Structure formats: C-alpha cells, structure tokens
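S.K.: let's see this in three dimensions:
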Amino acid sequence: MYIYDSVKKEKLLFEPMEENRVRIYLCGPTVYDDAHLGHARSSISFDLLVRVLRENGYEVIFVKNFTDIDDKIIKKAVSENCDISEITSKYIDRYLEDMEALNVLRADIEPKATECIAEMEQFITNLLNKQIAYKALNGDIYFDTSKDKYYNSLSKRDENSLNEHRVELNEDKINQKDFALWKACKDEHDVCFDSIVGRGRPGWHIECSCMIDKYLDNPNLPFSIDIHAGGKDLLFPHHENEAAQSRCAKDKELSKYWMHNGFVRIDGEKMSKSLGNSFFIKDALKNYHGEVLRFYLMSVHYRSDFNFSEEDLIASKKRVDKIFRLKKRVFDVAPSNVDKNFKQSMIEALNDDLNISKALAVIDEMVSNSNEFLDKNPKDKAYKQTVFANLIFIESVLGVAKENPYNYFQFGIDNELKNKIEELINIRVEAKKSKDYVKADKIRDELNSLNISIMDTPNGTVWEVN
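M.R.: Predicted structure coming up:
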C-alpha cells in the first residue's frame, strides 16, 4: 500500500512501526456549531483510509478527538448564558448523528480535550523544566520555538509566511512564532481549571499531543503514531506546533506519516463560516440521502480541493441510484463470495494512495456488466449471489450501498405520505384479489400522480419515488 506523505511531498510505501498494527490520529471538530461539509470531507476521507487498511488485514487503532474548550465555545456559552458542557454535548451529539448518516465509522477512541487536563499539566511541566517553555508576565505559558532547531520542518514556510496568520504583535512573547501552551484566566467569563501550572486553560495545539501520548504512544517505538491526519489547513500552524512540542517533550518525532485532505470550496473559495458559505451537513441531508452525499464527497481524490456543485451532486446521485437498482435486482438472494478479480481491482486502486477515481471506475464497470448479464439471465441465482457479495464488499470498503434498496428509493417521503402510500397499496392488493382491476388501475394512477411507481414482486408490492 502506498500513501502520500504531506511532509516529504511524495508517495511512499506504507510500512507501519509494528507488523499488522496501525496507530492513526485525526484532528476532530471544535464543537461550538453544527458540522459542515468540510468536516464531512475530512471524516469521510480518513474513514476510507481506515476501511482500506483494515481490508488489507491491519489492526487499526483510530483516535479522533473533540476540541471542547476554545474561545469560540466560551463565546457561545456566554451568549446563550449556559455552561460550555451544554454547548459541547449538544454539538458532539449532532456531529455523531451526521457522521452516522454518512456511514462514517465511529473512531475506536473519541477523547475530549477537557478529559486530558492532567496530561497537559505534566506535558507543560516537562517543557518548563527543560526550559523549552516559559511563563510570560501575563501568566500565559508559551513554547519557545527558538529552542526547536527543527521548527518549520513540516510546513517549510518562509519567515514572512510564518507570521502571516497573526494580525498584531504579542508583546508577552519572546518570539512572535512562539505559541500558547496554557492560557491564564483573564476575566470572569473565562473558563478555567486549577492547575499546577497556574489557573487557566489549555491552548489549542497542546491537546492533540497529549491525547496521542495518552491513547496511542508506545515509548519503545520510534514515533508516537504511524499516521497523523487532518485538513490541509491544519498543516500550519496546528500540526507544525504539535510536532514541535512533542519532539521536544518526547525526544522523538510525533508521526511517521502525515496525511492531509483538501479544502471544500464553494464558488472557488475555501469553505469557512466567516465567508458565510459553509453548508451544514444537516441541511444537505434534508435534500440528499446520506449515501449520496458520502459518495459525492468521496468521489474526488482526498488530497484535491473539492469544488461543491449542485450539478455534480445530482450526477453522483445518478451513479448511486444505479448501484441501488442493481442491489434491488439481487436482493431476493443470499450473498455468496465476492468476485476475486473485482475485489483485487478495487484493492489495487485504493492501495494507490486511495485512488478513488480508479476504484469507482471498477464499480461502474461491474454494475454495467452485471446488469447486462442479468438482462439475459434474470434467473441465474449463483450469479446474483456473487453480485450481492460484490455490493456488500463495496459497502464494507467504501461505506456505500449499505441501505435497503427499497428504503433508499423512498428517501424524502415523510411518514404521513408513506402511510397514505402503504394504505393505497393495501387497497390495491385487495382489489386485485377481488379481480377488481379497474379499481387497482385507478389506484396505480393515483400513486403515479404522487410521483410514486410501484412494482409487483413475488415478495409483495414495492414502491419508490420516481
């Protein structure tokens, strides 16, 4: 298996530190608002990575964190006059609901920053004792970047760009590149923890290093983790600072490989709440099935920027519809064994740095060939069983084609209309039993007027949205 390393900027043969075991850490969301399509893209990208690694036989230990202490969270809690835990609990639950709708597997460990305060205290104390961190006059504790000779080895930015994200100088720092490990309490609205390093709260970067230490690091291995993942906007300053503080605290590099997914862009701009163009996942799911949204966001290679387009989303839906129509054709049999050539072609594509375009082309070919064969041989049970197994394999490795196909084609219909449709179908069934075909045809026409098509099968009448 080959993956692209963001630091070395080349595709590398993936060789984990331990045979058959992979440690992965993904920077999760800051939970002060609903998740947007940028969060979905990152989660789906590395959910695919985890699935592919497991398909290759690796035992994967996957950690994805929640940042539940942050300036934005505190500001929202103040505006809503509530405790930050109310804000974070609400948006963690909503995030997990959105991820479930997108068939994103839960991480093995999902820690919160506030659950690792003790580890942060020890980490910061270690850096203070090594004189790599210092306490400023305002009580904040900073990492001294001048003490790390490898600082900037990840992002490799020039001196001007290192400071471009800072709007104004901070006179409390020795160097403007230094970053906060611990923020002292400033006012009555601040959220603070009693700590051996002073009453305050953690900076952003410290939490990830400490969570990696707590849940993944093995002191006998040369790196803390095999793969560190996240959006490419995190490469600097977040991942640069994580790597620096961990390097100095642990005397070893944080991660063997670094992987970053591209931005989601709308009208050519990076998705950002500040730009007012951040589509929430919950809103997209009102109009499109989660499997369609997942397929669409996965259809562009994870490292490439993703230009959101309603037209492209509709095109993706048509491709997913074809997969589910094939699933309907074989849903009356039990799956057997996946076709070896199909599986091998899929894995070969995905083992090439998650080459999703090639993998989806393999699926398109399988769907087309399967339909062509079934058109000529509709009762070939053995063939249908293999096709069903192929579809189950697609669900396992790509997270697509999981839904019951009949339910999939009923997406967007509310319960009231569903009940009406089922009632009309039952009346039609009774009419046919009574050989009242005029009434049966009249009900079919009424369903057609509701944009509902029906199909009589050996297992009963099924329906879907046209």
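S.K.: drop to CA atoms for contacts and neighbour counts, all remaining ones
M.R.: Will do.
S.K.: for residue 145, which non-adjacent residue is spatially closest?
M.R.: Excluding the flanking residues, the one nearest residue 145 by CA to CA, 6 or more residues apart in numbering is residue 178, at 5.4 Å.
S.K.: ok, residue 183 next?
M.R.: Of all residues not flanking residue 183 in the chain, residue 140 sits nearest, at 4.7 Å (CA to CA, 6+ apart).
S.K.: repeat that for residue 32.
M.R.: Beyond its immediate neighbours in the sequence, the residue positioned closest to residue 32 (CA to CA, 6+ apart) is residue 73, lying 5.1 Å away.
S.K.: secondary structure class for the one you found?
M.R.: Following DSSP: H, G, I helix; E, B strand; the rest coil, residue 73 is assigned to helix.
S.K.: what about it, how many neighbours?
M.R.: Applying the criterion other CA atoms under 10 Å, we find 22 residues in the vicinity of residue 73.
S.K.: my guess is it meets residue 84, correct?
M.R.: Yes - taking contacts as CA atoms under 8 Å, residue 73 lies within contact range of residue 84: 6.6 Å.
S.K.: which stretch of helix or strand covers residue 430?
M.R.: Residue 430 is part of helix 415-433, with elements assigned from DSSP states H and E.
S.K.: any buried residues in that helix, and which?
M.R.: By 16 or more other CA atoms under 10 Å, the buried positions in helix 415-433 come out as 421, 424, 425, 428, 429, 431.
S.K.: distance between it and the chain's centre?
M.R.: Between the centre of helix 415-433 and the centre of its host chain there is 39 Å, according to CA atoms, centre = their mean, to the nearest Å.
S.K.: that one packs against which elements?
M.R.: Helix 415-433 makes packing contacts with helix 437-449 when contacts are defined by 3 or more CA pairs under 8 Å, 6 or more residues apart in numbering; DSSP states H and E.
S.K.: now the helix it packs on, how far from the centre of its chain.
M.R.: A distance of 44 Å separates the centroid of the chain from that of helix 437-449, by CA atoms, centre = their mean.
S.K.: pLDDT on the helix or strand following that helix, on average?
M.R.: Next along the chain after helix 437-449, taking DSSP H and E as the criterion, comes strand 452-457. For strand 452-457, the mean pLDDT works out to 82.
S.K.: for stretch 366-378, same thing?
M.R.: Averaging pLDDT along stretch 366-378 yields 97.
S.K.: so which residues make contact with that stretch?
M.R.: Counting by CA atoms under 8 Å, 6 or more residues apart in numbering, the neighbours of stretch 366-378 from elsewhere in the structure are 322, 323, 326, 342, 380, 384, 387.
S.K.: one more time with 10 Å
M.R.: With CA atoms under 10 Å, 6 or more residues apart in numbering as the contact definition, stretch 366-378 has outside contacts at 319, 322-327, 329-330, 342, 360-361, 363-365, 380-381, 383-384, 386-387, 390-391.
S.K.: buried sites along it?
M.R.: Under 16+ other CA under 10 Å, the buried positions of stretch 366-378 are 366, 367, 370, 371, 374.
S.K.: dump it to CSV, keeping only the CA atoms.
M.R.: Listed in CSV are the C-alpha atoms of stretch 366-378, where the atom choice follows Å, rounded to 0.1, in the frame of the first residue of the first chain:
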residue,chain,number,x,y,z
MET,A,366,-19.1,-4.1,-12.5
VAL,A,367,-22.6,-2.6,-12.3
SER,A,368,-22.8,-2.3,-16.1
ASN,A,369,-21.6,-5.9,-16.8
SER,A,370,-23.9,-7.2,-14.1
ASN,A,371,-26.9,-5.6,-15.5
GLU,A,372,-26.1,-6.7,-19.0
PHE,A,373,-25.7,-10.3,-17.8
LEU,A,374,-28.9,-10.3,-15.7
ASP,A,375,-30.9,-8.8,-18.6
LYS,A,376,-30.0,-12.0,-20.5
ASN,A,377,-30.0,-14.4,-17.5
PRO,A,378,-32.5,-13.0,-14.9
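S.K.: let me see the domain layout of this protein.
M.R.: Domain assignment for the chain, taken from automatic domain parsing, gives 2-261, 269-408, 415-465.
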